[in-house]
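Novice: below are the sequence and a predicted model for it; my questions follow.
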Amino acid sequence: MAKQTKKQKSLAEKLGDNQKLYNVDEAIQLLKDLKTTKFDESLEVALNLGVDPRHADQMVRGMVTLPAGTGKTVKVAVFARGDKAEAALAAGADKVGAEDLMEDMLAGNLDYGRVIATPDMMGVVGRLGKTLGPKGLMPNPKLGTVTPNVEEAVKAAKGGQIEFRVEKAGIIHGGLGKLSFSNDQLKANFDAFVDAIVKAKPAGAKGKYLQKVALSSSMGPGLKIDVAQVHAG
């Protein structure tokens, strides 16, 4: 284990009480101060929700655009023909096609962060259910990834739009950008993410919805956030 510097020791002392609740600004700054790696770590959020996603009326899923972006380059594939295919390419899609793209994906070429399709292409895309489904890449009208407006969907995917989905234990994880972002940018991304989760509160949620919130960096500790300061759950 690497020897701690004086700065790291003093910061470790600050973290002595692991039950402490932080406000968001304080947590962001502390995670930046604690950073010891050379690479640009991501800021990550975990929210514990009062839902049981095994029930359809308690599922939490959707899209949110992070105002400061994600700091990552998202590869986008689009199923479209003709004018729509040209519009998708013009908007910055990495790969556009129809049956040829389907065959390429069936062959194992799935290095994409988002797959978008026009409604008329779903007959082709449907054959990729077992391929794209497990990776969470299957185009979905509710998420805006099955749409006639492929140009807008590509720009959104490239411009900081991310998907969120609650896991079995009622937890949602999300990346909020890079630690190199300014504190204000990270806070704006945090606020946008939490607001989207709150707006997506399902009809079947019972009791307190937003139960716990924690912020961490890729290699850093998890800091508990004071939920009362975040949003009325």
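Specialist: On my side now, so go ahead. Numbers count the residues shown, from 1 in each chain.
Novice: how much space between Lys142 and Ala80?
Specialist: 19 Å (C-beta to C-beta, to the nearest Å). C-betas here are computed from N, CA, C, even on glycine.
Novice: looking at those two, which is more packed in?
Specialist: The neighbour comparison of Lys142 against Ala80 (other C-beta atoms under 10 Å) goes to Ala80, with 25 against 9.
Novice: how about that one, what does it touch?
Specialist: By C-beta atoms under 8 Å, 6 or more residues apart in numbering, the residues touching Ala80 are Ala87, Ala88, Val96, Ala98, Ala117, Thr118, Met121, Val150.
Novice: do the same with Gly97
Specialist: Gly97 neighbours (C-beta under 8 Å, 6+ apart): Ala77, Val78, Phe79, Ala85, Asp104.
Novice: tell me the mean pLDDT over stretch 192-204?
Specialist: In this model, stretch 192-204 has a mean pLDDT of 93.
Novice: just the C-alpha atoms of it, please, in CSV.
Specialist: Extracted in CSV, the C-alpha atoms of stretch 192-204 (Å, rounded to 0.1, in the frame of the first residue of the first chain):
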residue,chain,number,x,y,z
ALA,A,192,-30.4,17.2,-13.1
PHE,A,193,-30.0,13.5,-12.4
VAL,A,194,-31.8,13.6,-9.0
ASP,A,195,-34.6,15.8,-10.4
ALA,A,196,-35.1,13.2,-13.2
ILE,A,197,-35.3,10.4,-10.7
VAL,A,198,-37.8,12.3,-8.6
LYS,A,199,-39.9,13.1,-11.6
ALA,A,200,-39.8,9.4,-12.6
LYS,A,201,-41.4,8.3,-9.3
PRO,A,202,-43.6,5.4,-10.1
ALA,A,203,-47.3,5.2,-9.1
GLY,A,204,-46.6,2.1,-7.0
